[in-house]
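Student: Give me coordinates for this.
(2 chains)
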Amino acid sequence: MATLTASPTVAPPPNRARRRQRRRVPPVLLAFLLVPIAVEAFWVFWPALQGFWLSLTNWDGVSAPGFVGLGNFGELFGDPIFRSSALNTMIWLLLFGGLSAIGGLGLALLLQREGRGVGFYRAALFTPVVFSLVATSLIWQALYQPDGLLNKVLGGLGLESWQHAWLADPDTALYAVLVPALWRQVGYVMVLYLAGLKGIDPTLFEAAKIDGAGRWQQFRFVTWPQLRSVNSVVLSVIVIDSLRSFDVVWAMTKGGPYHSSELLSTYMYSTAFQSLRLGYASALAVVIFVLAFGVIVAYLVRAFREDDS
Amino acid sequence: MSIGRRRFLRNVGLAGLGAVGAGPLLNACATSTSTGAVTQTGGAVTVQSNLSAPAAKTAIEALVKGFNDRKGATASVNTVASETFRTQLPSYLTSANPPDTYTWYPGSLLSGYAEKGLLLDVGDVWQTMGNYSDAFRTLSGDGRGKQIFVPTTYYWWGMFYRKSKFAEWGVTPPRNWTEFLALCKTLQGKGIAPIGLGAGGNTPWIASGWFDYLDIRINGAPFHRDLLAGRKRFDDPKVKNVFATWKEALPYFDPNGTAVAFQDATTSLLQGNTGMLLIGAFFADSAPKDILGDVDFFQFPIIDPAVPVAEEGPTDGFFASARTPRRAQVSEFFKYVATAAGQELYIENSTGTVLPTNPDAKDSGTELVTKGRKLLQDAKELTQFFNRDSSDALQPTADAALVRFIQSPNEIDSILTDWQSAAEKIWNA
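Tutor: Numbering: from 1, shown residues only, chains lettered A, B, ... in the order given. Predicted structure coming up:
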């Protein structure tokens, strides 16, 4: 199957005349390529390289940066707050990523068939994505207050012992912040999967049904393999989104109480703009970059390898 | 037409070069944009203000209007959200064309910028401020004989309560720590949370008020300043002693103290759910005007009578960038804000709970303010507040340590060790 689909893409070797034609690129086209590259290089690549350079310095934002080699990275190893925020980021990645992928796929499967009211449910689940996450956080912060809605509901149900200062307790703060982030992300992932499901050829299901496949088998052997390209998009999106999750945490707890809901992103921000240690903060940024890039590249390499075989 | 366009293109090219040249200086702060250096000696003095609360914003705008109405130099206010202001301050000061003047407070951050030559020497302004107290003069210096700051207002901290509630509960303000604990016990017996806090949400720094006061009451202001400047250690037995005293009062704290922000703690106080609240006079900004007449405060209880009485009197005012092209106008503006007339104008247009730094200026004259002014005048020493006496960079280390102490007071040894190591990173940075 794979070899069959791959063969038409192998083009016959082009003859010389055509190759010469291809070499002459119109100047307008060249300009359209080079100008965006220059802009991108100046506004994206150059600051990124600066960030790498800064991670090797002790810059404080005002004085000239002094070169300290790998000192910042050495300090990271001995920094207990870095360790706990890295652990929190891993928890965040697993729960935020895992639950939003599972939840998003589940909802997409549930809502993929057209029917009465389905459009309403899809819209309702997607609505949180539209709101600003900072505004969302403020609402959730009010819900979590000691005399907020959540505790009132628990009290009303006779569960007084469950009442909690959700954001002020170091045992619950991280998870309390995760819920609104998830509430938003599930809708987003659902839309990605809905688009993927729409793209599957219905005849495949018919063929599977004729072959006697049950619902689970249809999902396992038709839907899931067909969603592979969507999966890689979803994976990239959730890895990037969880590593850059910042606004929701900063707006609700600022990483507190005492660093219990600290993520690498919030720790980076507070190190940079509260402690004014921009060199060390750049080292944290490099770690975040390597993590995000590493996960995604590893996945893509694997995905391409599977495609090739 | 074609010349115009060519000149435009050349200017764009220059601006581009300028941006490239400034890039390495400004570095990764993607938010800091460099504008071409337009050296202009005329024009209005720009006042970069972090006073974004409605009442304070009105007051500074009235002050600037008062200055402009004098028909001399002119000024214009640019109000920025305080968090943005704080994070962008280094970018402002190091940019090629910075705003001329800034609202801020004196302290180690300013001395640090002064050391790097970024701040304007305002010694000429101070020559017109002969009636100011020596405390303000010292506070506004860079520690090496240069004046870099012009103080305009200050305020006090106290243990605030509602007179009608205290009357209803049949209690009176305590005079010392023992009486204070007894009062707490009485209130608790009546089913009231005796001490409100408000160190939750986005205001964990409120807890530092307690640390500051206990430390200056037990160890005195000089020790406190040394501690915050890194000359003493947070795991010092004397600091541990502060927490041992705090622990005596801890059972009387509102259990929601670390869960709600100070605005909500203020509401609880005014509704009579909590008995007292240690806070700065600024809390009145978010309190309904009709209740303010019923609000009173008492001095933080004396713990050791042998320790000279110190109070927190955080001071606010202005400083200027050394790169301002409008030195004469900046100086004129600063001389104006230091006058009694200027400060009275500011206070009239504010909520009226701040005190003027000019001894000849009248305050708003309410009973509360008169009492607050007397509290600070009677004090042997003034401290600023944790972040002002140390730095904004050290504040988060205090927030983490103090909130953790309030929640788990028995972990005090490891809390202090962690605090010391976190603080060392800031001091050594």
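
Student: what helix or strand is the closest residue to chain A within chain B on?
Tutor: The nearest approach of chain B to chain A comes at B:Ala259, 3.6 Å away (Cβ to the nearest Cβ). For glycine as for every other residue, the C-beta is placed from the backbone atoms N, C-alpha and C. Following DSSP states H and E, one finds B:Ala259 outside all helices and strands.

Student: Equivalent analysis for B:Glu168, please.
Tutor: Counting by DSSP H and E, the element that carries B:Glu168 is helix B:163-169.

Student: now B:Ile195
Tutor: In this structure, B:Ile195 sits in strand B:193-196 according to DSSP H and E.

Student: Kindly report the same for A:Ala38.
Tutor: Using DSSP H and E, A:Ala38 sits in helix A:27-40.

Student: circling back to that earlier point, right, and the residue of chain B closest to chain A touches A:Gln141 too?
Tutor: No: using Cβ atoms under 8 Å, B:Ala259 is not in contact with A:Gln141; the gap is 10.7 Å.

Student: Could you chop the chain up by domain?
Tutor: Just going to use chain A. What automatic domain parsing lists as the domains of chain A is A:13-54, A:72-308.

Student: that's the wrong chain, I meant chain B
Tutor: According to automatic domain parsing, the domains of chain B span B:41-155+B:314-361, B:157-312+B:383-428.

Student: pLDDT score assigned to the residue nearest the centre of chain B?
Tutor: The centre of chain B sits closest to B:Pro314, judged by Cα atoms, centre = their mean, with a distance of 5.4 Å. pLDDT, the model's per-residue confidence, is 91 for B:Pro314.

Student: ok now do it, which residues does it touch?
Tutor: By Cβ atoms under 8 Å, 6 or more residues apart in numbering or on different chains, the residues touching B:Pro314 are B:Tyr105, B:Tyr154, B:Tyr155, B:Trp157, B:Gly280, B:Gln384, B:Phe385, B:Arg388.

Student: sorry, back to before: between B:Ala259 and A:Gln141, which one's more packed in?
Tutor: Neighbour count, other Cβ atoms under 10 Å in any protein chain shown: between B:Ala259 and A:Gln141, B:Ala259 has more, with 26 against 22.

Student: Now do the helices in the stretch 51-200 of chain A.
Tutor: For the stretch 51-200 of chain A, the helices defined by DSSP state H, counting those that start in this stretch occupy A:71-78, A:80-92, A:98-111, A:118-130, A:133-144, A:149-156, A:173-198.

Student: for these, which one ends up most surrounded?
Tutor: Ranked by average neighbour count under the criterion mean count of other Cβ atoms under 10 Å in any protein chain shown, the helices of the stretch 51-200 of chain A are headed by helix A:173-198 at a mean of 21.

Student: is that helix anywhere near chain B?
Tutor: No: between helix A:173-198 and chain B, judged by Cβ under 8 Å from any Cβ of the partner chain, nothing touches; the nearest distance is 10.4 Å.

Student: mean confidence for that helix?
Tutor: Helix A:173-198 shows a mean pLDDT of 90.

Student: same deal with stretch A:273-286?
Tutor: Within the predicted structure, the mean pLDDT of stretch A:273-286 is 87.

Student: can you tell if it touches chain B?
Tutor: Yes: Stretch A:273-286 comes into contact with chain B when judged by Cβ under 8 Å from any Cβ, the residues involved being A:Phe273, A:Gln274, A:Ser275, A:Leu276, A:Arg277, A:Leu278, A:Tyr280, A:Ser282.

Student: Quick one: the strands in the stretch 101-250 of chain B, in order.
Tutor: Assigned by DSSP state E, counting those that start in this stretch, the strands in the stretch 101-250 of chain B fall at B:101-104, B:150-154, B:157-162, B:193-196.

Student: Contacts for stretch A:100-113, please.
Tutor: Applying Cβ under 8 Å, 6+ apart, the external contacts of stretch A:100-113 come out as A:118, A:121-122, A:125, A:182, A:185-194, A:196-198, A:219, A:223, A:234-235, A:238.

Student: residues touching the residue lying closest to B:Arg323 once chain neighbours are set aside, list them.
Tutor: Beyond its immediate neighbours in the sequence, the residue positioned closest to B:Arg323 (Cβ to Cβ, 6 or more residues apart in numbering or on different chains) is B:Pro98, lying 5.4 Å away. If you count contacts by Cβ under 8 Å, 6+ apart, B:Pro98 has them with B:Tyr92, B:Ser321, B:Arg323, B:Thr324.

Student: sec struct for the nearest residue to B:Thr128 once chain neighbours are set aside, please.
Tutor: Once its chain neighbours are removed from consideration, B:Thr128 has its nearest residue in B:Lys335; the separation is 5.2 Å (Cβ to Cβ, 6+ apart). Assigned state for B:Lys335: helix (three-state reduction, DSSP: H, G, I helix; E, B strand; the rest coil).

Student: Can you get me a residue count around B:Lys335?
Tutor: Burial measure for B:Lys335: 19 neighbouring residues, criterion other Cβ under 10 Å.

Student: got it, and B:Glu312?
Tutor: As a burial measure, B:Glu312 scores 28 neighbours (other Cβ under 10 Å).

Student: three-state assignment of B:Val77?
Tutor: Using three-state DSSP as the criterion, the local structure at B:Val77 reads strand.

Student: Bridged to it, which residues?
Tutor: B:Val77 has these beta-bridge partners by DSSP bridges: B:Val47.

Student: what's the pLDDT at A:Gly294?
Tutor: 84.

Student: who's in contact with it?
Tutor: Under the criterion of Cβ under 8 Å, 6+ apart, A:Gly294 has no contact partners.

Student: three-state assignment of it?
Tutor: A:Gly294 carries the three-state label helix when classified by three-state DSSP.

Student: Quick one: low-confidence residue ranges for the stretch 201-309 of chain A.
Tutor: In the predicted model of the stretch 201-309 of chain A, residues A:309 satisfy pLDDT under 70.

Student: What ranges does it have for its helices?
Tutor: Under DSSP H, counting those that start in this stretch, the stretch 201-309 of chain A gives helices at A:202-210, A:215-218, A:224-226, A:228-244, A:247-252, A:264-273, A:278-308.
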